[in-house]
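Asker: Please find the sequence and the predicted model below.
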Amino acid sequence: MLLTPENSSLVVTLVYHYDHLVNYVRHHFGDRHFAQDVVHDVCVELIERPPQQVVHTPLAFLQHLLKHRAIDKCRSQQVQQRHIADMQAIATTSSTHDGAHILHFKQRLAALITMIEQLPARQRQVFLLHRLHQMPQQEIADELGISRNMVTQHFGKAMAAIQRAWEVSL
């Protein structure tokens with residue numbers, strides 16, 4: 001623990017007024033354990049990153065800092081709770097899909113695979129290298145021994161063929 005002149009008075013004030021500061025946060029936010037966590041977080045912050053300027057009223061500064069830290073913590077917890085609720089909603093939505101949705105998805109996937117397999121060999125190869133393996137067009141050209149322009153043409157024709165076949169299958 002690095003006690004410097006900048007943070008020694010703050011840490012001493014925090015230790016001396018610990019119960020008062022916990023009660024101050026609890027009074028505004030209602031939960032003693034939450035208040036203790038906030039006071040602890042501020043204590044660690046003061047030790048690790050002391051303020052750059054001299055604090056003339058350490059208790060008022062600590063109360064102000066604690067209140068803002070508690071607000072930040074509440075907001076963070078609210079965001080986490082919304083995220084958890086969203087994930088639970090997605091999980092329940094995805095688990096309520098009936099067999100028809102799953103069957104439809106599998107059929108569309110099988111149709112797409114068939115469309116790709118029906119492409120001419122070079123178009124299929126370029127398409128798979130670019131889309132599936134995420135290879136840049138120049139790297140594909142170097143590997144296949146063709147120009148980058150030819151890679152672009154093969155890829156464009158493959159995409160057009162897949163799009164036409166997809167529209168027909170809908």
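Answerer: Arrived safely.

Asker: which stretches of this structure have low pLDDT?
Answerer: Residues of the chain meeting the criterion pLDDT under 70: 1-7, 91-98, 170.

Asker: tell me what the longest helix seen in the chain is packed against?
Answerer: Longest helix in the chain, counting residues (DSSP state H): helix 58-95. Contact analysis of helix 58-95 by 3 or more C-beta pairs under 8 Å, 6 or more residues apart in numbering; DSSP states H and E lists helix 5-16, helix 18-29, helix 32-48 as its packing neighbours. Heads up, the C-betas are built off the backbone N, CA and C, glycines and all.

Asker: Would you mark the buried spots in it?
Answerer: Neighbour-count burial for helix 58-95, counted by 16 or more other C-beta atoms under 10 Å, picks out 58-59, 61-63, 65-66, 69-70, 73.

Asker: That one: how far from the chain's middle?
Answerer: The chain centroid and the centroid of helix 58-95 are separated by 15 Å, computed with C-alpha atoms, centre = their mean, to the nearest Å.

Asker: Same list (the helices and strands packed on helix 58-95) but as TSV, adding mean neighbour count.
Answerer: Formatted as TSV, those follow (neighbours: other C-beta atoms under 10 Å):
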stretch	mean neighbour count
helix 5-16	16
helix 18-29	16
helix 32-48	17
